[in-house]
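> Take this sequence and fold it.
(chains A and B)
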Amino acid sequence: MIDVRIATWNVNSIRSRIDRVEAWLARSDVDVLAMQETKARDAQFPYARLHDLGYEVAHHGLNQWNGVAILSRVGLDDVRVGFDGDPGWGEPLAAEARSIGATCGGIRMWSVYVPNGRAIGDPHMAYKLDWLARLREQASAWAADGTPVALCGDWNIAPQDDDVWSMEYYLDKSHVSPPERAAFNAFLDAGFVDVVRPHAPGPGVYTYWDYQRLAFQKRRGMRIDFVLGSPSFAARVAGAAIDREERKGAGASDHAPVVVELTD
DNA sequence: ATGGTAGTAGAACTA
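Numbering: from 1, shown residues only, chains lettered A, B, ... in the order given. Just a heads-up that it's a prediction; the model follows:
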(Lines give C-alpha, C1' and ligand atoms only; values in the text may rest on other atoms or scores of the structure.)
Protein backbone atom coordinates (compact mmCIF):
# COMPACT_ATOMS: atom_id res chain seq x y z
CA MET A 1 0.00 0.00 0.00
CA ILE A 2 1.12 3.57 -0.69
CA ASP A 3 -0.10 7.06 0.15
CA VAL A 4 -2.52 8.13 -2.58
CA ARG A 5 -4.45 11.26 -3.47
CA ILE A 6 -7.64 10.53 -5.34
CA ALA A 7 -10.29 12.85 -6.73
CA THR A 8 -13.63 12.91 -8.47
CA TRP A 9 -14.77 15.61 -10.87
CA ASN A 10 -17.68 16.09 -13.24
CA VAL A 11 -15.84 18.04 -15.93
CA ASN A 12 -18.86 18.76 -18.16
CA SER A 13 -17.11 18.01 -21.47
CA ILE A 14 -13.46 16.99 -21.56
CA ARG A 15 -12.96 18.56 -24.97
CA SER A 16 -14.06 22.01 -23.86
CA ARG A 17 -12.32 21.64 -20.47
CA ILE A 18 -9.00 19.97 -21.31
CA ASP A 19 -6.91 23.08 -20.66
CA ARG A 20 -8.41 23.54 -17.20
CA VAL A 21 -8.21 19.82 -16.43
CA GLU A 22 -4.51 19.81 -17.33
CA ALA A 23 -3.83 22.86 -15.19
CA TRP A 24 -5.80 21.45 -12.28
CA LEU A 25 -4.01 18.09 -12.41
CA ALA A 26 -0.69 19.89 -12.39
CA ARG A 27 -1.46 21.93 -9.28
CA SER A 28 -3.63 19.41 -7.40
CA ASP A 29 -1.06 16.64 -7.66
CA VAL A 30 -3.66 13.87 -7.55
CA ASP A 31 -2.66 10.30 -8.34
CA VAL A 32 -6.07 9.10 -9.44
CA LEU A 33 -8.96 11.06 -10.93
CA ALA A 34 -12.46 9.72 -11.54
CA MET A 35 -14.05 11.87 -14.20
CA GLN A 36 -17.70 12.18 -15.22
CA GLU A 37 -19.58 13.80 -18.10
CA THR A 38 -16.71 13.68 -20.55
CA LYS A 39 -19.33 14.06 -23.31
CA ALA A 40 -17.11 12.34 -25.83
CA ARG A 41 -16.79 9.09 -27.71
CA ASP A 42 -13.59 7.18 -27.01
CA ALA A 43 -12.22 8.28 -30.39
CA GLN A 44 -12.70 11.94 -29.39
CA PHE A 45 -11.04 11.64 -25.97
CA PRO A 46 -7.73 13.55 -25.55
CA TYR A 47 -5.71 10.57 -24.32
CA ALA A 48 -2.34 11.91 -25.46
CA ARG A 49 -2.48 15.15 -23.48
CA LEU A 50 -3.20 13.22 -20.27
CA HIS A 51 -0.57 10.59 -21.02
CA ASP A 52 1.91 13.45 -21.37
CA LEU A 53 1.10 14.43 -17.76
CA GLY A 54 2.01 10.93 -16.63
CA TYR A 55 -1.44 9.36 -16.35
CA GLU A 56 -2.75 6.11 -17.68
CA VAL A 57 -6.31 6.58 -18.87
CA ALA A 58 -9.40 4.41 -19.17
CA HIS A 59 -12.40 6.10 -20.79
CA HIS A 60 -15.89 4.92 -21.66
CA GLY A 61 -17.94 7.15 -23.93
CA LEU A 62 -20.55 6.12 -26.46
CA ASN A 63 -21.82 9.46 -27.76
CA GLN A 64 -22.05 13.14 -26.79
CA TRP A 65 -23.84 12.31 -23.53
CA ASN A 66 -22.49 11.00 -20.22
CA GLY A 67 -19.01 9.50 -20.50
CA VAL A 68 -16.78 8.42 -17.59
CA ALA A 69 -13.05 7.96 -17.15
CA ILE A 70 -10.37 7.02 -14.64
CA LEU A 71 -6.89 8.57 -14.78
CA SER A 72 -4.09 7.06 -12.72
CA ARG A 73 -0.37 7.32 -12.21
CA VAL A 74 -0.31 4.51 -9.61
CA GLY A 75 -1.43 1.73 -11.92
CA LEU A 76 -4.62 1.10 -13.87
CA ASP A 77 -5.57 -2.56 -13.96
CA ASP A 78 -8.62 -4.74 -14.45
CA VAL A 79 -10.62 -2.03 -16.22
CA ARG A 80 -14.30 -2.80 -16.23
CA VAL A 81 -16.87 -0.88 -18.27
CA GLY A 82 -20.34 -0.90 -16.72
CA PHE A 83 -21.70 -3.15 -13.98
CA ASP A 84 -23.86 -6.26 -13.97
CA GLY A 85 -27.53 -5.41 -13.75
CA ASP A 86 -27.32 -1.87 -15.16
CA PRO A 87 -30.97 -1.44 -16.19
CA GLY A 88 -30.13 0.59 -19.28
CA TRP A 89 -32.19 3.23 -21.04
CA GLY A 90 -33.70 3.89 -24.43
CA GLU A 91 -35.13 1.84 -27.26
CA PRO A 92 -33.67 -0.65 -27.61
CA LEU A 93 -32.75 -0.81 -23.95
CA ALA A 94 -28.98 -0.39 -23.55
CA ALA A 95 -26.56 0.59 -20.80
CA GLU A 96 -25.38 4.19 -21.03
CA ALA A 97 -21.75 5.27 -20.48
CA ARG A 98 -22.19 5.96 -16.77
CA SER A 99 -19.72 3.71 -14.96
CA ILE A 100 -16.17 2.47 -15.25
CA GLY A 101 -14.02 0.65 -12.74
CA ALA A 102 -10.29 0.03 -12.38
CA THR A 103 -7.78 -1.00 -9.75
CA CYS A 104 -5.33 1.81 -8.96
CA GLY A 105 -2.69 1.57 -6.23
CA GLY A 106 -4.57 -1.25 -4.55
CA ILE A 107 -7.91 0.56 -4.60
CA ARG A 108 -10.89 -0.56 -6.61
CA MET A 109 -11.98 2.77 -8.10
CA TRP A 110 -15.35 3.38 -9.73
CA SER A 111 -16.28 6.53 -11.59
CA VAL A 112 -20.06 6.80 -11.62
CA TYR A 113 -22.42 9.27 -13.23
CA VAL A 114 -25.81 8.63 -11.67
CA PRO A 115 -28.75 9.34 -14.00
CA ASN A 116 -30.51 12.66 -13.51
CA GLY A 117 -34.07 11.89 -12.43
CA ARG A 118 -35.23 15.23 -13.90
CA ALA A 119 -38.49 15.43 -11.92
CA ILE A 120 -40.67 13.51 -9.51
CA GLY A 121 -42.69 11.00 -11.52
CA ASP A 122 -40.57 11.33 -14.65
CA PRO A 123 -39.56 7.99 -16.21
CA HIS A 124 -35.95 9.12 -15.74
CA MET A 125 -36.55 9.06 -11.97
CA ALA A 126 -37.56 5.41 -11.97
CA TYR A 127 -34.49 4.68 -14.08
CA LYS A 128 -32.27 6.55 -11.62
CA LEU A 129 -33.63 4.66 -8.61
CA ASP A 130 -33.36 1.31 -10.37
CA TRP A 131 -29.81 2.12 -11.53
CA LEU A 132 -28.76 2.98 -7.97
CA ALA A 133 -30.35 -0.14 -6.50
CA ARG A 134 -28.48 -2.30 -8.99
CA LEU A 135 -25.20 -0.50 -8.37
CA ARG A 136 -25.59 -0.95 -4.63
CA GLU A 137 -26.05 -4.69 -5.04
CA GLN A 138 -22.86 -4.94 -7.07
CA ALA A 139 -20.89 -2.57 -4.83
CA SER A 140 -21.69 -4.68 -1.79
CA ALA A 141 -20.32 -7.70 -3.62
CA TRP A 142 -17.14 -5.85 -4.68
CA ALA A 143 -16.42 -4.86 -1.07
CA ALA A 144 -17.49 -8.13 0.55
CA ASP A 145 -13.97 -9.60 0.69
CA GLY A 146 -12.47 -6.50 2.29
CA THR A 147 -11.19 -4.91 -0.93
CA PRO A 148 -10.91 -1.12 -0.56
CA VAL A 149 -13.61 0.19 -2.89
CA ALA A 150 -14.23 3.86 -3.73
CA LEU A 151 -17.48 4.82 -5.45
CA CYS A 152 -16.63 8.24 -6.85
CA GLY A 153 -18.86 10.49 -8.82
CA ASP A 154 -21.80 12.72 -9.49
CA TRP A 155 -24.66 11.10 -7.61
CA ASN A 156 -27.26 13.72 -8.55
CA ILE A 157 -28.62 13.46 -4.99
CA ALA A 158 -28.37 15.91 -2.10
CA PRO A 159 -28.72 13.49 0.84
CA GLN A 160 -29.22 16.08 3.59
CA ASP A 161 -31.16 19.34 3.83
CA ASP A 162 -27.88 21.20 4.40
CA ASP A 163 -26.67 19.91 1.03
CA VAL A 164 -28.81 22.42 -0.87
CA TRP A 165 -28.83 26.19 -0.57
CA SER A 166 -32.58 26.25 0.00
CA MET A 167 -34.91 23.37 0.80
CA GLU A 168 -37.78 25.70 0.02
CA TYR A 169 -36.47 26.10 -3.52
CA TYR A 170 -36.01 22.35 -4.01
CA LEU A 171 -39.33 21.35 -2.45
CA ASP A 172 -40.95 18.69 -4.67
CA LYS A 173 -38.00 18.82 -7.08
CA SER A 174 -35.48 16.17 -8.05
CA HIS A 175 -32.26 15.48 -6.05
CA VAL A 176 -33.81 15.83 -2.56
CA SER A 177 -36.85 13.53 -2.69
CA PRO A 178 -37.22 10.79 -0.07
CA PRO A 179 -36.86 7.93 -2.59
CA GLU A 180 -33.60 9.40 -3.93
CA ARG A 181 -32.25 9.90 -0.43
CA ALA A 182 -33.27 6.36 0.48
CA ALA A 183 -31.39 5.07 -2.58
CA PHE A 184 -28.30 6.96 -1.45
CA ASN A 185 -28.64 5.93 2.19
CA ALA A 186 -28.86 2.29 1.12
CA PHE A 187 -25.14 2.55 0.27
CA LEU A 188 -24.43 3.83 3.78
CA ASP A 189 -26.54 1.05 5.26
CA ALA A 190 -24.44 -1.40 3.25
CA GLY A 191 -21.31 -0.12 4.99
CA PHE A 192 -20.09 2.56 2.60
CA VAL A 193 -19.00 5.85 4.14
CA ASP A 194 -19.16 9.43 2.86
CA VAL A 195 -15.47 10.05 3.51
CA VAL A 196 -15.52 13.75 2.55
CA ARG A 197 -18.24 15.17 4.79
CA PRO A 198 -16.29 14.86 8.08
CA HIS A 199 -13.48 16.91 6.53
CA ALA A 200 -15.77 19.39 4.76
CA PRO A 201 -18.84 19.79 6.96
CA GLY A 202 -21.80 21.98 6.01
CA PRO A 203 -23.93 23.93 5.93
CA GLY A 204 -23.11 25.97 2.86
CA VAL A 205 -20.59 23.49 1.49
CA TYR A 206 -21.41 22.42 -2.07
CA THR A 207 -19.86 20.69 -5.09
CA TYR A 208 -22.14 22.00 -7.85
CA TRP A 209 -23.49 25.40 -8.78
CA ASP A 210 -25.81 26.00 -11.74
CA TYR A 211 -24.39 28.17 -14.51
CA GLN A 212 -27.56 30.24 -14.45
CA ARG A 213 -28.65 33.16 -12.30
CA LEU A 214 -25.19 33.77 -10.82
CA ALA A 215 -25.67 30.71 -8.61
CA PHE A 216 -21.99 30.41 -7.70
CA GLN A 217 -21.60 34.08 -6.88
CA LYS A 218 -24.74 33.91 -4.74
CA ARG A 219 -23.51 30.69 -3.04
CA ARG A 220 -26.56 28.80 -4.27
CA GLY A 221 -25.21 25.30 -4.77
CA MET A 222 -25.75 21.64 -4.00
CA ARG A 223 -23.54 18.91 -2.58
CA ILE A 224 -24.12 16.07 -5.04
CA ASP A 225 -20.61 14.74 -5.76
CA PHE A 226 -19.42 12.11 -3.30
CA VAL A 227 -16.73 9.58 -2.59
CA LEU A 228 -18.33 6.63 -0.84
CA GLY A 229 -15.69 4.30 0.56
CA SER A 230 -15.91 0.72 1.74
CA PRO A 231 -14.81 0.23 5.36
CA SER A 232 -11.22 -0.69 4.45
CA PHE A 233 -11.01 2.38 2.19
CA ALA A 234 -12.61 4.72 4.73
CA ALA A 235 -10.15 3.58 7.40
CA ARG A 236 -7.29 5.01 5.35
CA VAL A 237 -8.76 8.46 4.70
CA ALA A 238 -6.59 11.16 6.26
CA GLY A 239 -8.24 14.22 4.73
CA ALA A 240 -10.60 15.52 2.08
CA ALA A 241 -11.54 18.81 0.46
CA ILE A 242 -13.82 20.35 -2.14
CA ASP A 243 -11.81 22.58 -4.46
CA ARG A 244 -14.34 25.38 -4.96
CA GLU A 245 -11.61 27.63 -6.36
CA GLU A 246 -11.81 25.53 -9.54
CA ARG A 247 -15.44 26.63 -10.00
CA LYS A 248 -14.28 30.24 -10.44
CA GLY A 249 -13.53 32.11 -13.63
CA ALA A 250 -14.36 31.73 -17.29
CA GLY A 251 -14.51 28.21 -18.64
CA ALA A 252 -15.13 26.44 -15.32
CA SER A 253 -17.13 23.24 -15.05
CA ASP A 254 -20.34 23.65 -13.06
CA HIS A 255 -18.92 21.06 -10.62
CA ALA A 256 -15.90 21.43 -8.34
CA PRO A 257 -13.35 18.63 -7.93
CA VAL A 258 -13.46 16.64 -4.67
CA VAL A 259 -10.11 15.38 -3.34
CA VAL A 260 -9.47 12.59 -0.81
CA GLU A 261 -6.09 11.86 0.78
CA LEU A 262 -5.26 8.33 1.86
CA THR A 263 -2.48 7.16 4.11
CA ASP A 264 -0.87 3.78 4.35
C1' DA B 1 -40.27 38.40 -16.33
C1' DT B 2 -42.32 30.98 -17.49
C1' DG B 3 -36.50 34.10 -18.34
C1' DG B 4 -31.35 33.03 -17.16
C1' DT B 5 -26.07 29.64 -18.92
C1' DA B 6 -23.28 26.17 -20.96
C1' DG B 7 -22.46 21.89 -23.33
C1' DT B 8 -23.41 18.88 -27.55
C1' DA B 9 -24.79 19.82 -31.74
C1' DG B 10 -25.82 22.27 -36.15
C1' DA B 11 -32.31 21.89 -34.24
C1' DA B 12 -33.28 20.62 -30.06
C1' DC B 13 -31.88 18.27 -26.21
C1' DT B 14 -29.46 17.80 -21.61
C1' DA B 15 -28.22 19.53 -17.26
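> Any idea what A:Tyr113 is bridged to?
Going by DSSP bridges, A:Tyr113 is paired in beta bridges with A:Asp154.
> Next one: it relative to DNA strand B, how far apart?
Per CB to the nearest atom of the strand, to the nearest Å, A:Tyr113 is found 8 Å from DNA strand B. (C-beta placed from N, C-alpha, C; glycine too.)
> For that residue, the count of nearby residues, please.
Using other CB atoms under 10 Å, A:Tyr113 has 24 neighbouring residues.
> residue contacts, it?
Under the criterion of CB atoms under 8 Å, 6 or more residues apart in numbering, the neighbours of A:Tyr113 are A:10, A:36-37, A:66-68, A:97-99, A:153-154.
> Chain A: helices as residue ranges?
A:14-28, A:47-51, A:123-143, A:167-170, A:178-189, A:231-234 (DSSP state H).
> how far does the first one sit from the chain's center?
To tie it back to what came earlier, the one meant is helix A:14-28. 17 Å (CA atoms, centre = their mean, to the nearest Å).
> and it, is it in reach of DNA strand B?
Yes - for a cut-off given as CB under 7 Å from any atom of the strand, helix A:14-28 has contacts with DNA strand B, namely A:15-17.
> Kindly report the same for the fifth one.
No - legend: contact between helix A:178-189 and DNA strand B by CB under 7 Å from any atom of the strand is lacking; minimum distance shown is 14.2 Å.
> Relative to A:Glu56, which of the contacts of A:Tyr113 is nearest.
Distance to A:Glu56 across those (CB to CB) is lowest for A:Val68, with 15.3 Å.
> Quick check: A:Ala256 touching A:Tyr208?
Yes - counting by CB atoms under 8 Å, A:Ala256 does reach A:Tyr208; the two are 7.4 Å apart.
> quick one: contacts for A:Asn156?
So A:Asn156 contacts A:114-117, A:128, A:174-175, A:180, A:224 (CB under 8 Å, 6+ apart).
> Looking at these, which one is closest to DNA strand B?
A:Asn116 (4.1 Å; CB to the nearest atom of the strand).
> ok, for the closest one, nearest residue in space, not its chain neighbours?
Of all residues not flanking A:Asn116 in the chain, A:Asn156 sits nearest, at 5.1 Å (CB to CB, 6 or more residues apart in numbering).
> I'd like to know how far that neighbour sits from DNA strand B.
Relative to DNA strand B, and taking CB to the nearest atom of the strand, A:Asn156 is found at 7 Å.
> what's the answer for A:Gly229, then?
Distance from A:Gly229 to DNA strand B, by CB to the nearest atom of the strand: 24 Å.
> Enumerate the residues of chain A near DNA strand B.
Going by CB under 7 Å from any atom of the strand, the residues of chain A near DNA strand B are A:12-13, A:15-17, A:39, A:44, A:64-65, A:115-116, A:118, A:124, A:210-213, A:251.
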